[in-house]
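Novice: Using only what follows, build the 3D model:
(one chain, ligands or ions: 1)
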Amino acid sequence: MGSAPAATVVGEIRRAQRADGPAAVLGIGTANPPTCMAQDDYPDYYFRVTNSEHLTDLKAKLTRICKKSGIKQRFMHLNEDLLAANPDFTDRTSASLDARVDIASAAVPELAASAAAKAIADWGRPATEITHLIFSTYSGARAPSADRRLASLLGLSPTVSRTMLNLHGCYGGGRSLQLAKELAENNRGARVLVACSEITLIAFYGPEDGCPDNILGQALFGDGSGAVIVGADPVGPVERPLFEMAFASQTTIPGSEDDISMEINKGGMAYHISNKVPRLIGGSVERCLIDAFDALGVSAKWNDLFWAIHPGGRAILDHIEEVLGLDGGKLAASRHVLSEFGNMSGTTVIFVLDELRRRRVAKLESEAPEWGVVMAFGPGITIETMVLHTPAGSLELEGN
Ligand SMILES: CCCCCCCCCCCCCCCCCC(=O)SCCNC(=O)CCNC(=O)[C@H](O)C(C)(C)COP(=O)(O)OP(=O)(O)OC[C@H]1O[C@@H](n2cnc3c(N)ncnc32)[C@H](O)[C@@H]1OP(=O)(O)O
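Specialist: Take a look at the predicted model:
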């Protein structure tokens with residue numbers, strides 16, 4: 001160290017530890033369980049398997065919401081065999097948490113491993129070169145948890161640095177991407193695997209009078225897993241930055257603490273989603289966007305951006321489109337994912353990023369904007385905002 005002042009030495013060490021460039025998405029993968037349920041068939045299925053055919057008003061309500069949901073189909077881990085083996089899953093008051101957690105503890109990391117294997121193949125380097133793992137789920141409640149199991153399934157290095165996010169609900173994907181950005185930019189050479197995996201059986205139960213949340217949940221949610229590799233200073237030609245992460249922030253909407261909630265209890269996970277949610281989110285997004293682009297010093301017209309919005313429900317997308325004055329088609333990737341998979345909570349935004357990438361490669365959009373935005377929402381109400389930038393030519397390479 002010689003005679004250099006300590007502050008200079010520490011400063012040099014810090015500079016050497018940090019990456020030079022911004023964090024970027026280097027690979028994406030997604031996966032769903034095999035059982036696919038058409039939305040039009042779901043009310044009949046749900047009321048039959050829960051022995052609730054007599055609750056005709058609730059069935060009519062579920063049918064009305066399904067028709068307005070903008071969802072064509074959803075995937076689910078739970079099937080009739082599993083329900084037959086666990087009949088108490090239909091009763092919210094029975095002590096079924098242990099059995100639900102048993103199933104989820106195996107299924108959640110296995111589904112994540114399918115998505116992560118695809119993300120790793122897309123990235124192009126060996127799994128052993130992953131340095132950090134961030135895992136987000138609300139579907140399990142056990143330690144060692146799903147991150148530990150996923151690391152084993154993928155054969156990650158024993159020195160991989162793991163972080164588990166629990167119960168973040170639908171903003172888990174946004175939060176994980178933001179943490180991955182921080183890790184990648186502050187640790188030279190870091191390659192961060194983000195894995196989000198959700199299995200709704202933790203919150204599946206039969207219909208009850210006076211519980212509209214359950215009917216809404218039954219109409220909206222589905223199962224899936226999404227994985228992303230994040231790193232800075234990509235090493236060509238193997239690594240290519242699909243989306244650079246230019247800025248990230250989190251905002252909590254004041255006074256909205258009771259509007260989305262989730263709670264683990266003996267019968268699984270109970271949840272509440274108020275009907276104010278689309279309006280609350282719609283009323284807050286523009287401020288988040290203005291602050292983000294001001295911080296970057298980039299002037300942005302909303303219609304000149306690409307959009308990866310968490311499709312929490314059709315009405316949320318409608319409100320955002322309206323308040324931002326977005327042209328029809330700007331939220332096409334979000335609406336497509338909602339239609340094909342439903343709301344897979346924190347995982348969904350990764351499917352939207354993958355769909356955006358696919359649309360840009362297939363030139364499904366008349367023009368491909370350079371700048372774009374990821375937004376995700378969940379309990380709090382929390383809004384995650386991330387500004388993305390696409391380096392020239394990065395997505396075209398994928399089509400070759
Ligand atoms: C295949 C697997 C399946 C397994 C499922 C198992 C389960 C669940 C797992 C749950 C996990 C929970 C995690 C929570 C994480 C939260 C994160 C989020 O994304 S937060 C989620 C973010 N997502 C949202 O916040 C959903 C946003 N909302 C929407 O997208 C739309 O309002 C809509 C599609 C639901 C209805 O379309 P719209 O054009 O509004 O149509 P209308 O005006 O005509 O109303 C029709 C009916 O809908 C009713 N109703 C409305 N809202 C609610 C409510 N909150 N509450 C109750 N009911 C509601 C309304 O009262 C009416 O009833 P009725 O008069 O006919 O009897």
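Novice: So which residues of the stretch 151-300 of the chain form strands?
Specialist: Taking DSSP state E, counting those that start in this stretch, the strands of the stretch 151-300 of the chain run over residues 161-166, 191-198, 224-232, 243-252, 260-265, 268-273.
Novice: what's the closest of these to the ligand?
Specialist: strand 268-273 (4.1 Å; CB to the nearest ligand atom). Every C-beta, even on glycine, is put in place using the N, C-alpha and C of the backbone.
Novice: So what are the sheet partners of the closest one and their directions?
Specialist: Using DSSP bridges, strand 268-273 pairs in its sheet with strand 260-265 (antiparallel).
Novice: mind checking how far residue 160 is from residue 135?
Specialist: Using CB to CB, to the nearest Å, residue 160 is found at 11 Å from residue 135.
Novice: hang on, the earlier thing: could I get the strands of the stretch 151-300 of the chain as JSON lines with mean pLDDT, distance to residue 43 and mean neighbour count?
Specialist: Conversion of the strands of the stretch 151-300 of the chain to JSON lines gives the following (pLDDT from 0 to 100; distance: least, CB to CB, whole Å; neighbours: other CB atoms under 10 Å):
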{"stretch": "strand 161-166", "mean pLDDT": "96", "distance to residue 43": "31", "mean neighbour count": "16"}
{"stretch": "strand 191-198", "mean pLDDT": "98", "distance to residue 43": "22", "mean neighbour count": "31"}
{"stretch": "strand 224-232", "mean pLDDT": "98", "distance to residue 43": "21", "mean neighbour count": "30"}
{"stretch": "strand 243-252", "mean pLDDT": "97", "distance to residue 43": "35", "mean neighbour count": "19"}
{"stretch": "strand 260-265", "mean pLDDT": "93", "distance to residue 43": "24", "mean neighbour count": "16"}
{"stretch": "strand 268-273", "mean pLDDT": "94", "distance to residue 43": "19", "mean neighbour count": "20"}
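Novice: Using JSON lines, lay out these together with distance to the ligand.
Specialist: Formatted as JSON lines, the strands of the stretch 151-300 of the chain follow (distance: least, CB to the nearest ligand atom, whole Å):
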{"stretch": "strand 161-166", "distance to the ligand": "13"}
{"stretch": "strand 191-198", "distance to the ligand": "8"}
{"stretch": "strand 224-232", "distance to the ligand": "10"}
{"stretch": "strand 243-252", "distance to the ligand": "14"}
{"stretch": "strand 260-265", "distance to the ligand": "5"}
{"stretch": "strand 268-273", "distance to the ligand": "4"}
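Novice: Quick check: residues of this protein near the ligand?
Specialist: Taking CB under 6 Å from any ligand atom as the criterion, the chain approaches the ligand at residues 37, 61, 64-65, 68-69, 74, 76, 169-170, 200, 203-204, 212-213, 216-218, 221-222, 260, 262, 271, 273-275, 277-278, 312-316, 343, 345, 378.
Novice: and residue 206, what does it touch?
Specialist: By CB atoms under 8 Å, 6 or more residues apart in numbering, the residues touching residue 206 are 50-52, 90-92.
Novice: give me phi/psi at it?
Specialist: Residue 206 adopts backbone torsions of phi -70, psi 170, taken as degrees, to the nearest 10.
Novice: Next: residue 347.
Specialist: Residue 347 adopts backbone torsions of phi -70, psi -30, taken as degrees, to the nearest 10.
Novice: rewinding a little: more neighbours: residue 160 and residue 135, which one.
Specialist: A count of neighbours by other CB atoms under 10 Å puts residue 135 above the other of residue 160 and residue 135, at 29 against 19.
Novice: which residues pair with residue 265 across the strands?
Specialist: Per DSSP bridges, the residues bridged to residue 265 are residue 268.
Novice: what about it, distance to residue 221?
Specialist: As judged by CB to CB, residue 265 and residue 221 stand 18 Å apart.
Novice: do the same with residue 50
Specialist: For residue 50 relative to residue 221 (CB to CB), the value is 16 Å.
Novice: For the residue of the chain found nearest the ligand, what are phi and psi?
Specialist: Nearest residue of the chain to the ligand (CB to the nearest ligand atom) works out as residue 313 at 2.5 Å. Backbone torsions of residue 313, given as degrees, to the nearest 10, read phi -180, psi 160.
Novice: That one is in contact with residue 278, isn't it?
Specialist: Yes: look at residue 313 against residue 278 with CB atoms under 8 Å: they come within range, at 6.7 Å.
Novice: so what sits against both of the two?
Specialist: With CB under 8 Å, 6+ apart as the test, residue 313 and residue 278 reach no residue in common.
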